[in-house]
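Asker: Sharing a model prediction with you, sequence too.
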Amino acid sequence: MRLVTLAGPPACGKTSVLLRTCAALREAGVSCAVLKFDCLLTRDAEAYAAAGIPATAALAGGLCPDHFFATNLEEAFAWAQGTGAECCVIETAGLCNRCSPHLRGALALCVVDNLMGIDAPEKIGPMLRLADLVLVTKGDLVSQAEREVYRHRIRQMNNRAVIRHVNGLTGQGCRELAAVLSRAPQVETVTDMRLRFAMPAAVCSYCLSETRIGSRYQKGNVKKVKFGGPGAGQTEVVDGD
Amino acid sequence: MATDALTLARLTVARGRDKSGRPEAGDVDFAPGQVTALLGPTGSGKSRFLADIESLADDDTPSGRRILLDGALPDPDRRFELQGRLVAQLTQNMNFVLDLGVERFITMHAESRQAADPAAVARQIIAAANALAGEPFAPDAQLTQLSGGQSRALMIADAALLSWSPVLLIDEIENAGVDKARALDLLVKSDKIVVIATHDPVLALSAHRRLIFEHGAVRTVRERSAAEKRLLTQLTEQEAEFSRLRERLRRGEDVDS
């Protein structure tokens, strides 16, 4: 089965683009299954079902959604294989901008939108830096100049990705994207595949549902910041114990 | 770092078919510095034509057209890489959304194009935009505070002088407080392939040639004749008279004499 990971900040148009692209794939005779990893709420599975695309959603709830994604990847892949689909797309919202769901050996897509501000490409981090293809949405709402500067900023963060403008509302660019998806790498099993970027450590007391504030409640992998360090705006991070 | 700028000496839209499958009039070649107006009623196929150029159609769209770059079909990898980058667009829906001053932003755009002197380029673009805009703006004005006409003027000047795309597609210039004749002049000098979809007779006659659309295909290609050029001069004068009258009314002057 061909395997694709798709990541991007919330509400940037991931699902709209993917819906249109899967429809175009189906027209081209390639069946697609979609898995959505999210935190609290998603209605996307219904949207895919309405479009006749096998889809399922997994909600991380109280867990870190990206760790949740990694720990459930084998099961997710098995489900997609069960649908008989030729291409499996796993969509995640990289909510803390520190994670990247991209896997070595699978096609990695990142979606960003043109309304996010000029510094967004720098802030988004590894899910953009390590993507093979960066898709920019909402370009029809901003000036050509802004699109070009934004694209340049993306290029500075990732100098090998193909950067493309797509429109999830009109479907512009989605047919071409479908052609790329139909050539995504074939993967027999996800077992022993590697993430392109290590996920952040998350083993402090707050990971275990601690709600109280104060040093005395903090255990495990705790880092303390020394605010107002030497240069303006500089802070020093000191490892806790 | 890979450069995203492109150069193109000729773009050819190899003929496709209309909505009933009948062949189109013929191939259409586009050259830098040439302005082409697209005319035809809504639904006649202007948007499809522009979308075919933008997506580098290869007999894979409803029109069956193919796009050749410098006389050749781009290979699939090159094609995917170029799609959406070949064409700079200006439409009526576009707005500046960044919370930055004009000069700072245009300098940033010039830097991204690796201009030798970004500050000088920015000054040049702001001056060009102010020459087009009915009411000038200061270099330190915020992008989001510009009026509709000022935004449009800045977008045109920036696209003409700084955009990396060899093809510039404009959806109507009129009704926006922009000096059309000067805008056209700037665009011609930009050495880009300029395509304008319009219903405005002055703009249509300002173009070097016109493509007339019908039923999803190009029906005729009309080069501007000498007589049409004289008509353009006449229309432009009438338009100027119209503006003078508008100004006098705005100032509360008598117009009955």
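Answerer: Nice, thanks for sending it over.
Asker: Which parts of chain B are strands?
Answerer: Taking DSSP state E as the test, the strands found in chain B are B:11-14, B:28-30, B:35-39, B:66-69, B:87-90, B:167-171, B:193-197, B:209-214, B:217-223.
Asker: Using TSV, please lay out those strands together with mean pLDDT, mean neighbour count and distance to chain A.
Answerer: C-betas here are computed from N, CA, C, even on glycine. Shown next, in TSV, are those (pLDDT from 0 to 100; neighbours: other Cβ atoms under 10 Å in any protein chain shown; distance: least, Cβ to the nearest Cβ, whole Å):
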stretch	mean pLDDT	mean neighbour count	distance to chain A
strand B:11-14	96	20	18
strand B:28-30	96	17	19
strand B:35-39	95	21	17
strand B:66-69	94	19	13
strand B:87-90	86	23	5
strand B:167-171	88	22	8
strand B:193-197	93	24	13
strand B:209-214	96	18	20
strand B:217-223	95	16	21
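Asker: Grab the nearest non-local neighbour of the closest residue to chain B within chain A.
Answerer: Chain A approaches chain B most closely through residue A:152 (3.6 Å), counting by Cβ to the nearest Cβ. The shortest distance from residue A:152 to any non-neighbouring residue, by Cβ to Cβ, 6 or more residues apart in numbering or on different chains, is to residue B:112 (3.6 Å).
Asker: which intervals of chain A have sub-threshold pLDDT?
Answerer: Flagging of chain A using pLDDT under 70 yields the residue ranges A:94-95, A:229-241.
Asker: if I pick the closest residue to chain A within the stretch 51-200 of chain B, what's in contact with it?
Answerer: Closest residue of the stretch 51-200 of chain B to chain A, Cβ to the nearest Cβ: residue B:112 (3.6 Å). Contact partners of residue B:112, counting by Cβ atoms under 8 Å, 6 or more residues apart in numbering or on different chains, are A:148-149, A:152-153.
Asker: of those, closest to residue A:88?
Answerer: Of all those, residue A:88 sits closest to residue A:153, with 30.8 Å by Cβ to Cβ.
Asker: sorry, back to before: what about the residue of chain A closest to chain B, how many residues nearby?
Answerer: 21 (other Cβ atoms under 10 Å in any protein chain shown).
Asker: For residue A:80, see how far away residue A:120 is.
Answerer: Distance, residue A:120 to residue A:80, using Cβ to Cβ, to the nearest Å: 30 Å.
Asker: Same check on residue A:34?
Answerer: Taking Cβ to Cβ, one finds residue A:34 at 8 Å from residue A:80.
Asker: When those two are compared, which one has more neighbours?
Answerer: Set side by side, residue A:34 and residue A:80 show unequal neighbour counts under other Cβ under 10 Å, the larger going to residue A:34 at 28 against 24.
Asker: what residues are up against residue 27?
Answerer: Reading this off chain A. Listed by Cβ under 8 Å, 6+ apart, the contact set of residue A:27 is empty.
Asker: Let me rephrase: I mean chain B.
Answerer: B:12-15.
Asker: Contact distance from chain A - what residues of the stretch 151-257 of chain B qualify?
Answerer: B:151, B:154-155, B:158-159, B:162-165 (Cβ under 8 Å from any Cβ of the partner chain).
Asker: switch the cut-off to 10 Å
Answerer: B:151-152, B:154-159, B:162-165, B:168-169 (Cβ under 10 Å from any Cβ of the partner chain).
Asker: for the strand or helix carrying residue A:19, which positions count as buried?
Answerer: According to DSSP states H and E, residue A:19 maps onto helix A:14-27. Across helix A:14-27, burial judged by 16 or more other Cβ atoms under 10 Å in any protein chain shown covers A:14-25.
Asker: quick one, helices of the chain?
Answerer: Unless you meant another one, I'm taking chain A. A:14-27, A:44-50, A:65-71, A:73-82, A:120-124, A:126-129, A:144-157, A:174-181 (DSSP state H).
Asker: nope, chain B
Answerer: Using DSSP H, helices in chain B cover B:46-54, B:76-82, B:102-112, B:118-132, B:148-162, B:180-189, B:201-206, B:226-250.
Asker: Mean pLDDT lowest where, among those?
Answerer: Averaged per stretch, pLDDT over the helices of chain B is lowest on helix B:76-82, reaching a mean of 76.
Asker: What are the contacting residues of that helix?
Answerer: Outside of helix B:76-82, the residues within contact range by Cβ atoms under 10 Å, 6 or more residues apart in numbering or on different chains are A:133, A:162-164, A:176-177, A:179-180, A:183, B:2, B:4, B:6, B:8, B:54-58, B:67, B:69, B:72-75, B:86, B:165.
Asker: redo that, cut-off 8 Å
Answerer: A:162, A:164, A:176, A:179-180, B:6, B:56, B:58, B:69, B:74.
Asker: among those residues, who's most crowded?
Answerer: Result: residue B:56 is most packed of the contacts of helix B:76-82 (other Cβ under 10 Å), 24 neighbours.
Asker: Check the burial of residue A:90 by counting its neighbours.
Answerer: Count around residue A:90 with other Cβ under 10 Å applied: 25.
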